[in-house]
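K.L.:
starting from these lines, generate the structure:
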Amino acid sequence: MSIGRTDLNLLKVFEAVYEERNLILAGKRLNLTQSAVSHALRRLRELVGDELFMRMGKGMVPTGRATVMAPALLESLRRIEEALGVEPFAPQTSGRRFVIAANDHVTEVIVAPLSRALQKAAPGVDVVIRPSTRLDLAEQIDLGRIDLAIGIFAQVPPRLNSRALMSQGESILMSKGHPASRRKLTIRDLAKYPLVTLSVGGQEEGAVGGFIVERGLARQSEMFDRRALEKALLESQATPRLRVTVPHSLAIPALLRDTHMMSIVPASLAMALTRSGDLIRRHPPYQAGTETMRAVWHKRDDHDAGHTWLREMIAQVAQTAEDALK
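P.N.:
Here you go, the predicted model:
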């Protein structure tokens with residue numbers, strides 16, 4: 001294939017179809033009809049000599065050739081756009097869409113207030129949330145399908161950048177009528193009453209020491225300091241009972257309601273879940289560690305004006321959330 005025969009607009013079509021996996025959605029993103037997208041794909045297939053995408057159900061699945069092409073091609077497109085000089089990002093008039101990877105805890109604490117802030121600062125900007133618990137998170141960032149991931153990461157590979165958003169400890173949640181609700185908690189309480197814990201991946205998913213490592217990115221799988229808890233209970237010669245382990249934090253209120261169970265959760269989540277008045281939060285009766293929530297993105301987006309603006313917006317929201325814990 002000669003580069004002289006290549007229309008760069010065809011490469012933008014490839015990018016849109018690869019990331020959306022749907023011709024209609026790709027068309028909306030490019031302001032093209034489905035017919036125009038199909039025509040562009042046909043021309044690109046003729047140039048490359050490969051089908052590139054195959055229909056499967058209502059979507060489009062990339063071929064092996066397309067999967068191999070994608071990382072270098074998407075990064076090259078971004079470099080070309082940067083070299084040509086894009087217009088300054090204008091939040092008030094932008095119609096850009098950002099894809100953020102986050103679990104429901106981060107969605108409650110960070111994304112919800114971010115969405116409210118966007119209503120005023122950037123009414124045309126859309127945010128799509130993808131689960132940060134997916135095992136191919138690092139790959140999705142590499143391929144440009146996720147703009148930003150928010151969570152707790154013990155290790156970030158050199159090709160990615162990160163920014164600390166907020167630090168927090170843990171809290172104990174319980175129902176308002178819990179037997180231990182009117183006194184100071186003891187370590188014995190955590191052995192006496194069954195616990196609800198958060199875990200978005202266990203050993204069967206490759207978790208080691210509470211983290212899952214993929215492509216150099218280590219993301220937290222257990223949302224509590226297991227070592228601190230077990231150490232404190234061991235010193236008291238007590239054993240905890242982890243009765244229920246859930247992957248979704250917003251299921252915790254229903255599990256605790258009308259029971260004697262307790263839950264160990266990040267402090268910011270505890271604050272959010274007690275707003276309804278059904279639950280109360282207490283400091284843990286042991287020295288739990290402090291975790292730092294971070295935003296992670298690919299280095300190719302370091303100088304993207306829109307991406308930089310989004311990171312600043314998220315940082316402001318996170319700072320407000322951290323201040324509320326003090």
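
K.L.:
what is the mean pLDDT for the helix or strand Leu118 falls within?
P.N.:
Using DSSP states H and E, Leu118 maps to helix 112-121. Averaging pLDDT along helix 112-121 gives 94.

K.L.:
output that helix as PDB - backbone C-alpha positions only.
P.N.:
This file holds the C-alpha atoms of helix 112-121, laid out as PDB (Å, rounded to 0.1, in the frame of the first residue of the first chain):
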ATOM      1  CA  ALA A 112     -21.200  12.200  40.400                       C
ATOM      2  CA  PRO A 113     -19.900  15.600  41.500                       C
ATOM      3  CA  LEU A 114     -17.800  15.900  38.300                       C
ATOM      4  CA  SER A 115     -21.000  15.500  36.300                       C
ATOM      5  CA  ARG A 116     -22.700  18.300  38.300                       C
ATOM      6  CA  ALA A 117     -19.700  20.500  37.700                       C
ATOM      7  CA  LEU A 118     -19.800  19.800  33.900                       C
ATOM      8  CA  GLN A 119     -23.400  21.000  33.700                       C
ATOM      9  CA  LYS A 120     -22.100  24.500  34.300                       C
ATOM     10  CA  ALA A 121     -18.500  24.400  32.900                       C
END
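
K.L.:
give me the helices and strands touching it, please.
P.N.:
Using 3 or more CB pairs under 8 Å, 6 or more residues apart in numbering; DSSP states H and E, the elements in contact with helix 112-121 are strand 126-130, helix 305-324. (Each C-beta comes from the backbone N, C-alpha and C, glycine too.)

K.L.:
the inter-axis angle of the shortest one versus helix 305-324?
P.N.:
The reference is to strand 126-130. 70 degrees (axes from the mean of the first three to the mean of the last three CA atoms, to 10 degrees).

K.L.:
give me the contact list for strand 126-130.
P.N.:
Under the criterion CB atoms under 8 Å, 6 or more residues apart in numbering, residues 95-102, 107, 111, 114-115, 118, 140, 146 lie in contact with strand 126-130.

K.L.:
return the subset of those residues lying in helices.
P.N.:
Of the contacts of strand 126-130, the ones assigned to helices by DSSP state H are 114-115, 118, 140.

K.L.:
show the buried residues in these.
P.N.:
Neighbour-count burial (16 or more other CB atoms under 10 Å) applied to the ones in helices among the contacts of strand 126-130 gives 114, 118, 140.

K.L.:
ok so, going back, please identify the most buried of the helices and strands packed on helix 112-121.
P.N.:
Mean neighbours per residue, mean count of other CB atoms under 10 Å, is largest over those for helix 305-324, with a mean of 17.

K.L.:
contacts for it next, please.
P.N.:
Helix 305-324 has contacts (CB under 8 Å, 6+ apart) with 86, 88-89, 91, 94, 96, 98, 109-110, 113-114, 117-118, 121, 147-148, 150, 163, 165-168, 268, 271, 293, 295, 297, 301-302.

K.L.:
list buried residues within the residues you listed.
P.N.:
Buried among the contacts of helix 305-324 (16+ other CB under 10 Å): 89, 91, 94, 96, 98, 109-110, 113-114, 118, 147-148, 150, 165-166, 168, 268, 271, 293, 295, 297, 301.

K.L.:
so of these, which ones are in strands?
P.N.:
98, 148, 150, 165-166, 168, 293, 295, 297 (DSSP state E).

K.L.:
test for you: state the pLDDT assigned to His307.
P.N.:
The score at His307 is 92. That number is its pLDDT.

K.L.:
please report the distance of it from Val128.
P.N.:
15 Å (CB to CB, to the nearest Å).

K.L.:
can you tell me how far Leu139 sits from Ala101?
P.N.:
Not quite, residue 139 is Glu, not Leu. 11 Å.
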